[in-house]
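Q: Return atomic coordinates for the entry below.
(one chain, ligands or ions: 1)
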Amino acid sequence: MVFNSLKNGITSLIFPDSCPVCLRIDIKYCEPCLKLWSQYPSLNYLSDIPIYSVVDYTPTTAKIILRAKENREAIPRFFLATAIRSVIDKLILLGEVPENFLLLPIPSSKRSNMRRGEDFLLRLVKEVANLHHPYLKYRSLLYFQRGVKDQSGLGKQDRSINLKGSMAVNSKLDLDIDPATAIVLIDDVTTTGATIQEAIAALSRSPIAGNQLIGAITASRSSSGPF
Ligand SMILES: [Zn+2]
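A: Numbers count the residues shown, from 1 in each chain. The predicted structure follows:
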């Protein structure tokens, strides 16, 4: 007994419990973080397509996204996957989406994938799909067919000029997809909506333009109100 509590005491000194999301010490998962990431998503529209976003992009939520994306940390990534997955569950329960659909990650530039050593969104979407849902399938079909500038310093109009015509569905892949399969786009952060807009345009130019695009889900939205 004494030994165990001593052992636990020493263990917590060496490996203190902390919330994996906000890193608050002495707590395994904190209530505010769990609540924040499981809340009902905000809804906006882009070209009549519903865009659901789980949280606002704040310094706190930005930290977890960056840790998942740039540091490749498993727990923050799992948190994002769970949040996106719970949006999908809510939409299925509410009958907003059919049960048979395909998740498509928004692509990253080759440069970003090289820097990170992985395609972050593909990995995230894989985790969303692997959270034991019998209907969820994913494919990495979209890619950048030309180079684009880093969007972070650009305003709304420049972002859409930067991305216009940049994305495509990869025609080298097997695109023999059941026309009844609906499509849901997945992204981590949306700001002006320019990236999702370009993905919508790329799908509409592609051989799978006939498949219904039922929406996009993003972990975070960096500005409130309509796009
Ligand atoms: Zn926390």
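Q: Can you show me the helices along this structure?
A: 2-14, 31-37, 59-69, 74-93, 110-116, 120-130, 156-163, 194-204 (DSSP state H).
Q: Please name every helix or strand in contact with the third one.
A: So the one you mean is helix 59-69. Applying 3 or more Cβ pairs under 8 Å, 6 or more residues apart in numbering; DSSP states H and E, we find helix 59-69 packed against helix 74-93, helix 120-130, strand 182-190, strand 213-221. Heads up, the C-betas are built off the backbone N, CA and C, glycines and all.
Q: Can you give me the domain assignment for the protein?
A: 1-36, 38-221 (automatic domain parsing).
Q: any idea which of those is most buried?
A: domain 38-221 (a mean of 17; mean count of other Cβ atoms under 10 Å).
Q: That domain and the ion, are they touching?
A: No. Residues of domain 38-221 are not located near the ion by Cβ under 5 Å from the ion, the shortest gap being 8.3 Å.
Q: separation between Ala194 and Lys156?
A: Taking Cβ to Cβ, to the nearest Å as the measure, Ala194 falls 7 Å from Lys156.
Q: right, I mislabeled it, should have said Lys126
A: Counting by Cβ to Cβ - Lys126 and Lys156 are separated by 31 Å.
Q: List the contacts of the closest residue to Val97 other than its chain neighbours.
A: Leaving aside its sequence neighbours, Val97 sits nearest to Leu91 (Cβ to Cβ, 6 or more residues apart in numbering; 4.6 Å). By Cβ atoms under 8 Å, 6 or more residues apart in numbering, Leu91 lies in contact with 52, 97, 215.
Q: Could you list the low-confidence segments of this protein?
A: 1-16, 132-135, 224-225 (pLDDT under 70).
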